[in-house]
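Trainee: here are the coordinates; sequence isn't available:
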């Protein structure tokens, strides 16, 4: 069982407005009428709310998928409640809080740019914004015309007030705290979040972490290259013992990996479905790293060409 979490700014006591939701955006999840004197919860408070959601649906544990702020919330959730998280797929995560320079830049940007433009620059690279593709235009229309600006401002302020995840790679500092579950980090090679994701990768356990940098995918690889990301996600689940094999629909001969999956296999951990553990039958993954031809260890960083 897995759960998906993306960033949204919803107001519990507000009345939702019906809107046409684009498959490429989750902005319609925001309410359109803000409550009076409403304080948007912090990222830490959002993470603390998730156990009740897991309990409500009767899940023993989840595999979380988060983008941006959603990725941060899920990472915080996994740090506080590690027994509830089986694995994480974190896209465009920034594990750091805003420093004074970032704070000043944000304030200055708020004086010279509108809120939708500020959010767009967080989602897309400068090259993508200059090209003004149909995707960028769609997001600009959704953010500027569909999302309530007061709610969006509350959410934006709270995200920029986040704290450091305060994680360190095991062995680098005494009593290092890091994510204990398997993690797949995803970022485009030209994304604004690239530096943050690279730094997050340096703070996680390399034996349980996969870093997927997608070439030519911009700031939103889940939108621009969903097929490639889906394949990587399938392989991630396979490494955790949830998928015994991947079936090629083009052939009737049975289960063989696709060409793209073979490329991913060169850098991903070898996987075996283990017997049920004493923790209630949770599948366990073999997380040692080996190359596709068995010739020693390779780096966990994967760059997928399109």
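Mentor: Looks like it came in fine. What you are looking at is a predicted structure, and each value in this text was computed from that prediction instead of being measured.

Trainee: and what about residue 181, helix, strand or coil?
Mentor: Following DSSP: H, G, I helix; E, B strand; the rest coil, we place residue 181 in the coil state.

Trainee: distance check, it against residue 171.
Mentor: Applying Cβ to Cβ, to the nearest Å, the value for residue 181 to residue 171 is 18 Å. (C-beta placed from N, C-alpha, C; glycine too.)

Trainee: could you do residue 224 as well?
Mentor: Distance from residue 224 to residue 171, by Cβ to Cβ: 36 Å.

Trainee: give me the pLDDT value at residue 37.
Mentor: As summarised for this prediction, residue 37 has a pLDDT of 71.

Trainee: tell me, how many residues neighbour it?
Mentor: Applying other Cβ atoms under 10 Å, we find 5 residues neighbouring residue 37.

Trainee: ditto for residue 158
Mentor: So residue 158, with other Cβ under 10 Å, has 19 neighbours.

Trainee: contacts only, for it.
Mentor: Residue 158 sits next to 40-43 when contact means Cβ atoms under 8 Å, 6 or more residues apart in numbering.

Trainee: between those, which has the most around it?
Mentor: residue 43 (22 neighbours).

Trainee: I'd say that one and residue 76 touch.
Mentor: Yes: between residue 43 and residue 76 there is a contact at 6.3 Å, judged by Cβ atoms under 8 Å.

Trainee: what's the closest non-adjacent residue to residue 220?
Mentor: Excluding the flanking residues, the one nearest residue 220 by Cβ to Cβ, 6 or more residues apart in numbering is residue 123, at 6.4 Å.

Trainee: how many neighbours does the one you found have?
Mentor: Based on other Cβ under 10 Å, the number of other residues close to residue 123 is 23.

Trainee: what's the pLDDT at it?
Mentor: 93.

Trainee: for residue 283, same thing?
Mentor: Value for residue 283, per-residue pLDDT: 50.

Trainee: and what of residue 94?
Mentor: pLDDT at residue 94 comes out at 94.

Trainee: residue ranges with poor pLDDT in the protein?
Mentor: 1-36, 99-112, 244-306 (pLDDT under 70).

Trainee: let's see 90
Mentor: Along the chain, segments meeting pLDDT under 90 span 1-40, 97-115, 125-127, 131-133, 157, 170-176, 189-190, 215-218, 241-306.

Trainee: where along the stretch 101-250 of the chain do the helices fall?
Mentor: Using DSSP state H, counting those that start in this stretch, the helices found in the stretch 101-250 of the chain span residues 115-123, 126-131, 134-141, 149-160, 194-202, 221-224, 226-239.

Trainee: what are the buried residues along the fourth one?
Mentor: Right, the one you point to is helix 149-160. Neighbour-count burial for helix 149-160, with 16 or more other Cβ atoms under 10 Å as criterion, is recorded at 149-156, 158-159.
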